[in-house]
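[1] give me a 3D structure for the following:
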Amino acid sequence: MPTYRRSVVVARTGAHSLPLVAIVGRPNVGKSTLFNRLTRSRRSIVGDEPGITRDRIYGEYEWAGRRYRLVDTGGIVPDDPELIPSEIYNQARVALDEASALVLVVDVRTELARPDYDLARLLARNGKPLFLAVNKVEGEGLAAEAENFRRLGIRDLYPISSEHALGIGELLDAIAEAIPESSAGEDRSHPSDKNKDVARMGHPISQQVSGELDDDSHDSKGRKKTRTHGEFEQHETSVAIIGRPNVGKSTLLNALTGTSRAIVSPVAGTTRDAVDEVVEFEGSTLRFVDTAGIRRKGKTHLMAEKLSVVMARRHLEAADVALLVIDATEGVTASDATIGGYAHESGRSVILVVNKWDAVTTGRTDSKPPADRDIFERQLRSALKYLDYAPVIFLSALKASEHGAGPQHKAMARLLREVVKVAVERRKRVSTGQMNRFLDKIDFQRAPVPMAKRVRIFYMTQAAVAPPTFVLFTDRDIKLHFAFERFLENQIRESFGFDGTPIWVKVKARNAEGRE
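    Take a look at the predicted model:
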């Protein structure tokens, strides 16, 4: 039996020393809008439909020179017997146990009901600093209405408008006073003028840079990181778990981390917000992001579903590696091919994860013979020809979860090692000297290319990593014939590897303008 080095799962790298503030409340009161306002992001999906947020979404914010962790929870309806609401409640309870302070958000435009009183009593019994944020107060008339919510018995009441950034400063002042400064640990930002913080809180979310998911886009010298060239020091590898709805993406995240981080249910489309978790594995830091199932536009009806698909695409494009999860019981579908195309075209490294493998082998109940791994992989390769560079891993995330899973589990450790290997390969660099020696050895006459499409290559260099990008200096400014490009890519892989990552080739005619 092989032994595995002990691995550690953490919620957020370097953030455990920060105090945690939990945002809680009933569905559709504006919790996610407040979360996005404080973190200056669009991390949580916001809409008019109740119950959009389901999993715990973590972020950070800064106030008066101190940094805090923030968690957005799904809408809580105590004693709701339905499966997904009860799982949302369980996720919220985890956040309540972790938090240093609680913010109960209510909607000033709704009447108080029994669930509000039940939730207020539940939070008060927790014994932690509790603040009542009466949201959507936009005018003096509504400010007077906010006083009616004192009947909940919560002393610290603050009328706010998350959408318009009104009253938030007073709420943050009260939270800062209630949490001892030592709770912030040693991770403190440079003290700044509070008015600047207030001004930042007033920036409309729509003014944020499109696609900016966090504040880690600059290196230690303040230079903006360029993902295409990938020349900055990488402290962690971002891994997006992608696929169709209900193929087991959330179960896989839970199996990799050995936790119940993501809500799992038989209902397709359970995950909406992207859920991330960091795994420390054999000296590497891997941030796994469980994305919503990607489906065709015609199959999405609710606005929350449409937004979740958009966010899933954004998280994929921000990742280094994509785990394309395929349901072994259904085989490879046209949707799988489309999603794999998104990852390939965006330059992400790809690992094909065939999930639920036990359901077609040892756990088969339909009296059919067990599936053959080699035959399945051949069919997989045939359907996803453009991903021939992607390694294939067969596993059962649910079965692994039943046995405790986590990074120490044999199947999960095998997948994690493959992720680490692929991440290294996508950042590999080959010197120009090596490339020129490589060119001297290749017999380009073997390339199946018409004579009119052949080009003479003077030399070749690697211009970028992540993904590896090569520039050919040729005698003619023409687009490479696809067969020639394919032949060249295969020769590069045979000589230098680059397992799991696409290879981009660009052409530049000598003494002429280049073109891709």
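[2] just the CA coordinates for stretch 155-175, please, in PDB.
    C-alpha atoms of stretch 155-175 as PDB (Å, rounded to 0.1, in the frame of the first residue of the first chain):
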ATOM      1  CA  ARG A 155     -29.800  46.600  20.100                       C
ATOM      2  CA  ASP A 156     -27.400  47.600  17.300                       C
ATOM      3  CA  LEU A 157     -29.600  48.600  14.400                       C
ATOM      4  CA  TYR A 158     -28.100  50.400  11.300                       C
ATOM      5  CA  PRO A 159     -30.200  51.600   8.300                       C
ATOM      6  CA  ILE A 160     -28.200  51.000   5.100                       C
ATOM      7  CA  SER A 161     -28.500  50.800   1.400                       C
ATOM      8  CA  SER A 162     -26.100  48.200   0.000                       C
ATOM      9  CA  GLU A 163     -26.900  49.200  -3.600                       C
ATOM     10  CA  HIS A 164     -26.200  52.900  -3.000                       C
ATOM     11  CA  ALA A 165     -23.600  52.600  -0.300                       C
ATOM     12  CA  LEU A 166     -25.500  54.500   2.300                       C
ATOM     13  CA  GLY A 167     -25.000  54.000   6.100                       C
ATOM     14  CA  ILE A 168     -22.400  51.300   5.600                       C
ATOM     15  CA  GLY A 169     -19.600  53.300   7.300                       C
ATOM     16  CA  GLU A 170     -21.400  53.500  10.600                       C
ATOM     17  CA  LEU A 171     -22.000  49.700  10.400                       C
ATOM     18  CA  LEU A 172     -18.400  49.000   9.800                       C
ATOM     19  CA  ASP A 173     -17.300  51.300  12.600                       C
ATOM     20  CA  ALA A 174     -19.500  49.400  15.000                       C
ATOM     21  CA  ILE A 175     -18.100  46.000  13.800                       C
END
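[3] i'd like the first residue to be 40 from this point on
    In the new numbering, first residue 40, that becomes stretch 194-214.
[4] need the contact list for the spatially closest residue to Ala439 that is not a sequence neighbour.
    Leaving aside its chain neighbours, Ala439 sits nearest to Ala294 (4.4 Å; criterion: CB to CB, 6 or more residues apart in numbering). To be clear about C-beta, it is placed using only N, CA and C from the backbone, and glycine gets the same treatment. By CB atoms under 8 Å, 6 or more residues apart in numbering, the contact set of Ala294 is Ala436, Leu437, Ala439, Ser440, Ala444, Gly445, His448, Met451.
[5] could you do Ala450 as well?
    Residues near Ala450 by CB under 8 Å, 6+ apart: Leu434, Ser435, Ala439.
[6] can you list phi and psi of it for me?
    With angles defined as degrees, to the nearest 10, Ala450 sits at phi -70, psi -40.
[7] just the pLDDT for it.
    Turning to Ala450, the model gives it a pLDDT of 92.
[8] do the same with Gly379
    Gly379 is given a pLDDT of 93.
[9] surely it is in a helix?
    Yes - Gly379: assigned to a helix according to DSSP: H, G, I helix; E, B strand; the rest coil.
[10] poorly predicted segments of the stretch 440-555 of the chain, please.
    Confidence mapping of the stretch 440-555 of the chain against pLDDT under 70 gives the ranges 443, 550-555.
[11] in what helix or strand does the residue nearest to Ala439 lie?
    helix 288-296 (DSSP states H and E).
[12] most centrally placed residue in this protein?
    Of all residues in the chain, the one closest to the mean position by CA atoms, centre = their mean is Val328, 3.1 Å from it.
[13] give me the nearest residue to that one, chain neighbours excluded.
    Leaving out its chain neighbours, the residue that sits closest to Val328 by CB to CB, 6+ apart is Asp315, at 4.5 Å.
[14] which element is the one you found on?
    Using DSSP H and E, Asp315 maps to strand 314-320.
[15] again, but for Ser440
    Using DSSP H and E, Ser440 maps to helix 436-441.
[16] and that helix, what's buried?
    Buried residues in helix 436-441, defined by neighbour count with 16 or more other CB atoms under 10 Å: Ala436, Leu437, Lys438, Ala439, Ser440.
[17] quick check: which of the residues you listed has the minimum pLDDT.
    Ser440 (83).
[18] pLDDT (mean, whole number) over stretch 193-202?
    Averaging pLDDT along stretch 193-202 gives 94.
[19] what's the span of that stretch, first residue to last?
    One end of stretch 193-202 to the other measures 23 Å (CA to CA, to the nearest Å).
[20] distance from it to the middle of the chain?
    31 Å (CA atoms, centre = their mean, to the nearest Å).
[21] now swap in stretch 394-411 and tell me
    Distance, centroid of stretch 394-411 to centroid of chain: 31 Å (CA atoms, centre = their mean).
[22] got a list of contacts for that stretch?
    286-287, 290-291, 364-368, 433-438.
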